[in-house]
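Chemist: kindly generate the corresponding structure for this input.
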Amino acid sequence: MPPRVIPPDWPYRNASRHIACPPHLWHVQEMGTGPILLLIHGAGGATHSFRNLIPLLTGCYRIIVLDLPGQGFTTLGARSRCGLEAMAQDIAALCKQEHWDPYAVIGHSAGAAIALRLMQIRPAKAAVGINAALGKFEGAAGWVFPILARFLAVTPLVSQMFSKLVGTPRQVKRLLESTGSHIDAAGQAQYLYLMSQPNHLAGTLAMMSQWDVDGLMRSLPQQASPCLLITGSKDLAVPPDVSARVAAQRPDCQWSNVQGFGHLIHEEAAGVVSQLILSFLESCDQ
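Modeler: Numbering: from 1, shown residues only. Model prediction:
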């Protein structure tokens, strides 16, 4: 599997490397020193989504951020390994191979669900979910969207056609705004690059088609480890009350709802998010 080419202006490109850990060829970025924080992006994202958060955390921690299988610059090795359970298992295997022992796992959106499942496989001190996708689609979308994603994921040439439809500046801007967030021009350009890549879209569709959080949701009330769930009050992708309900089920889980920001709050308000994370992790040591 040849590595995907990383653009020269990609955030923290000089910290990038590719790691072969079957079945995938992972794209990983590593920087800083100290206890390890493992960062996991959401569906359709990549390492760039943490570009503003990383420099605010590296003063105290060693940051490891990866691209999920098939997305960003990680080459997918097996299409069947794109669901929540498979990805958590494969990330655990990567951590074991590389001798990474994360102090905490931080995930955004669907990446938060992966982080919480990963903690059950390979325990860490704490977890942080940013606008965590810990629920099902509501109403008819609950069965229409997964079926549609499965169809698109297995239909030949769909990714190439889809990239031409959505991989335009106007469509990407509209997509980002639909999350309730406002992203700067540089961030929009990075998402535009990703959305123009058929392989990235194919990986995202495969993830959506295999996504199932039922098992995780049943086990979460019994998961005993400190957890912080951060939400943006204007999130139009995952309502903040999703995290509120999860936090209410666990005495060791905190919920912090930040006013005025959307689903990509870690990109819009990295300073606010970093302070919440650092304060929470400091409290875990006490």
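
Chemist: going by C-alpha atoms from here, please, whenever you check contacts or count neighbours.
Modeler: Fine.

Chemist: what about Ala224, neighbour count?
Modeler: 13 (other C-alpha atoms under 10 Å).

Chemist: which residues touch it?
Modeler: Ala224 makes contact with Asp252, according to C-alpha atoms under 8 Å, 6 or more residues apart in numbering.

Chemist: how about the one 4 residues further on?
Modeler: If a contact means C-alpha under 8 Å, 6+ apart, then Leu228 has Ala127, Val128, Gly129, Cys253, Gln254, Trp255, Ser256, Ile277, Phe280 as its contacts.

Chemist: quick one: buried residues of the host helix or strand of the last one?
Modeler: Using DSSP states H and E, Phe280 maps to helix 270-284. Buried residues in helix 270-284, counted by 16 or more other C-alpha atoms under 10 Å: Ala270, Gly271, Val273, Ser274, Leu276, Ile277, Phe280, Leu281.

Chemist: need the pLDDT of the second one.
Modeler: Looking at Gly271, its pLDDT reads 98.

Chemist: follow-up on the earlier one: got a list of contacts for the helix holding Phe280?
Modeler: Asn52, Leu53, Leu56, Leu57, Lys125, Ala126, Val128, Pro226, Leu228, Ile230, Ile265, His266.

Chemist: how near is the closest residue to the second one other than its chain neighbours to Arg62?
Modeler: To tie it back to what came earlier, the one meant is Leu53. Closest residue to Leu53 apart from its sequence neighbours, by C-alpha to C-alpha, 6 or more residues apart in numbering: Ala270 at 5.1 Å. The gap separating Ala270 from Arg62 is 17 Å, by C-alpha to C-alpha, to the nearest Å.

Chemist: repeat that for Ile130.
Modeler: Between Ile130 and Arg62 the computed distance is 19 Å (C-alpha to C-alpha).

Chemist: more neighbours: those two, which one.
Modeler: Ranked by neighbour count (other C-alpha under 10 Å), Ile130 and Arg62 place Ile130 first, with 27 against 20.

Chemist: kindly export whichever strand or helix holds Met87 (C-alpha atoms) in PDB.
Modeler: Per DSSP H and E: Met87 is located in helix 84-98. Output in PDB follows, covering the C-alpha atoms of helix 84-98 (Å, rounded to 0.1, in the frame of the first residue of the first chain):
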ATOM      1  CA  LEU A  84     -16.800   1.600  15.500                       C
ATOM      2  CA  GLU A  85     -15.700  -1.700  17.000                       C
ATOM      3  CA  ALA A  86     -13.200  -2.500  14.200                       C
ATOM      4  CA  MET A  87     -11.600   0.900  14.300                       C
ATOM      5  CA  ALA A  88     -11.200   0.900  18.100                       C
ATOM      6  CA  GLN A  89      -9.600  -2.600  17.900                       C
ATOM      7  CA  ASP A  90      -7.200  -1.500  15.100                       C
ATOM      8  CA  ILE A  91      -6.200   1.700  17.000                       C
ATOM      9  CA  ALA A  92      -5.600  -0.400  20.100                       C
ATOM     10  CA  ALA A  93      -3.300  -2.700  18.000                       C
ATOM     11  CA  LEU A  94      -1.500   0.400  16.600                       C
ATOM     12  CA  CYS A  95      -0.900   1.600  20.200                       C
ATOM     13  CA  LYS A  96       0.400  -1.800  21.300                       C
ATOM     14  CA  GLN A  97       2.700  -2.000  18.300                       C
ATOM     15  CA  GLU A  98       4.100   1.500  18.800                       C
END
